[in-house]
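Colleague: below: sequence and its predicted model.
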Amino acid sequence: MSKEFACSIKRIRFDENYQPADNTRLTTNFANLARGESREENLRRTLAMINNRFNSLASVDNPNGDRYSLEIDIISAELDVEGNGQTFPFIETLKSIIIDHQTNERIEGMIGNSFSSYVRDYDFSVVLPELGCKTGEKPESFGDLHGKLYQHLVNSEVFKAEFTKQPVICLSVSTSKTYFRTANVHPVLGVEYTNDEYSRTDDYFAKMGLSVRYFKPENGNAPLAFYFAGDLLRDYTDFELISAISTMESFQKIYRPEIYNTNVPAGVVYQPSLNFQDYSLTRIVYDRVERGQLAVKQGKWTEENFIKPYQNILEQWAANYTVNSKAA
């Protein structure tokens, strides 16, 4: 087996004692919450929000709304480009396990959920501004390398040994697009929405081999964007879907309250806006301005430590890579 472009996976528990590792992207929602004076309180409240939302959606035989709780691991994937033992931390996602306190069972939750990537920071915070791209604009090759690196990871033997299913990534809807409610209602995911055209993020994730559908769960305020490979509605259990909703809707309420914690749920025609004023704040401290500044800093760090040093190797690898090629 070739050692070049070999993938490795590390896990760290996301709980009230969580402290970001040195090489963790600080723009991730979980890392942002785990800093400062309010660190432990932030984490405790976030986990309580997640568990409460899970129980509200998994209400069958759960009269007190406290039957289930989630254990969440941060999954960090690293890449050894040259096969010399030097790894680059290139993708982070979350994996949950559902604890049934009535039966003491441990049930598989979703792999994916949140998604962060140094190369994505580079593409959006360095490449696009340097090209002077306006909202929605992008070069034709935008996201090509990142998409292939992602597919290389999820198709690798290392990933398949840890996880039996492909990730489902759950993000906020785009403020540059309009969404339309359909007649389609899923028993777990809720009301389906469509949008007028794909956003730049949708196109970026398409290069990762992921399709997108938008659903507003029961008692949710706005649709969530679910990015997936395969069939979102048939490939995953109800509990896996509920674990994704409860985890990501809670994060979105914290750092996109204008969309996900409003007092006015999305209507038939919905235009998300961060300027919407009728919303509530959670009791969780989150620095959104710093998050944006860090994205630029970490994008430039990626350029210096990954893109430039390995440019020729990366270009050659990407030119020869196909999804069906033998993964490391």
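Modeller: The structure has been received and is ready for your questions.
Colleague: middle-most residue in this structure, spatially?
Modeller: Ser114 (2.3 Å; Cα atoms, centre = their mean).
Colleague: what segments of this structure are helices?
Modeller: 29-33, 39-57, 118-122, 128-131, 144-154, 157-162, 200-206, 238-255, 257-260, 288-302, 311-320 (DSSP state H).
Colleague: so the residue nearest to the centre of the chain sits against Met248, correct?
Modeller: Yes: judged on Cβ atoms under 8 Å, Ser114 makes contact with Met248 at a distance of 6.7 Å. (Each C-beta comes from the backbone N, C-alpha and C, glycine too.)
Colleague: joint contacts of these two?
Modeller: Cys170 (Cβ atoms under 8 Å, 6 or more residues apart in numbering).
Colleague: could you dump stretch 97-111 to PDB, C-alpha only?
Modeller: What follows is stretch 97-111, C-alpha atoms only, in PDB (Å, rounded to 0.1, in the frame of the first residue of the first chain):
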ATOM      1  CA  ILE A  97     -23.400   7.900  19.700                       C
ATOM      2  CA  ILE A  98     -26.900   7.900  21.200                       C
ATOM      3  CA  ILE A  99     -27.200   6.600  24.800                       C
ATOM      4  CA  ASP A 100     -30.600   5.100  25.600                       C
ATOM      5  CA  HIS A 101     -30.800   5.500  29.400                       C
ATOM      6  CA  GLN A 102     -33.800   3.200  29.600                       C
ATOM      7  CA  THR A 103     -32.200   0.100  28.000                       C
ATOM      8  CA  ASN A 104     -28.500   1.200  28.400                       C
ATOM      9  CA  GLU A 105     -28.000   0.600  24.700                       C
ATOM     10  CA  ARG A 106     -25.400   2.500  22.700                       C
ATOM     11  CA  ILE A 107     -26.900   3.400  19.200                       C
ATOM     12  CA  GLU A 108     -25.000   4.700  16.200                       C
ATOM     13  CA  GLY A 109     -25.600   8.400  15.500                       C
ATOM     14  CA  MET A 110     -24.500  10.300  12.400                       C
ATOM     15  CA  ILE A 111     -21.000  10.700  11.100                       C
END
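Colleague: which residues touch it?
Modeller: With Cβ under 8 Å, 6+ apart, stretch 97-111 has contacts from 54, 61, 66-73, 75, 93-96, 163-168, 236-237, 239-241, 243-244, 247.
Colleague: measure the residue in the chain sticking out farthest from the centre to Arg283 for me?
Modeller: Centroid-distance maximum for the chain: Pro63 at 31.0 Å, with Cα atoms, centre = their mean. Note on Pro63: its distance to Arg283, by Cβ to Cβ, to the nearest Å, is 27 Å.
Colleague: before we move on, the earlier item: looking at the helices of the chain, spot the one closest to Tyr270.
Modeller: helix 257-260 (9.5 Å; Cβ to Cβ).
Colleague: ok, the residue farthest from the centre of the chain to Phe239 distance?
Modeller: The value you get for Pro63 to Phe239, if Cβ to Cβ is used, is 18 Å.
Colleague: so how many other residues sit close to Ile313?
Modeller: 13 (other Cβ atoms under 10 Å).
Colleague: show me the contacts for the closest residue to it other than its chain neighbours.
Modeller: Distances taken as Cβ to Cβ, 6 or more residues apart in numbering put Val81 closest to Ile313, at 6.0 Å, once the chain neighbours are dropped. Shown in contact with Val81 (Cβ under 8 Å, 6+ apart): Glu4, Phe5, Phe88, Tyr310, Ile313, Leu314.
Colleague: and which of those residues is nearest to Glu16?
Modeller: For these, the nearest to Glu16 is Phe88 (29.6 Å; Cβ to Cβ).
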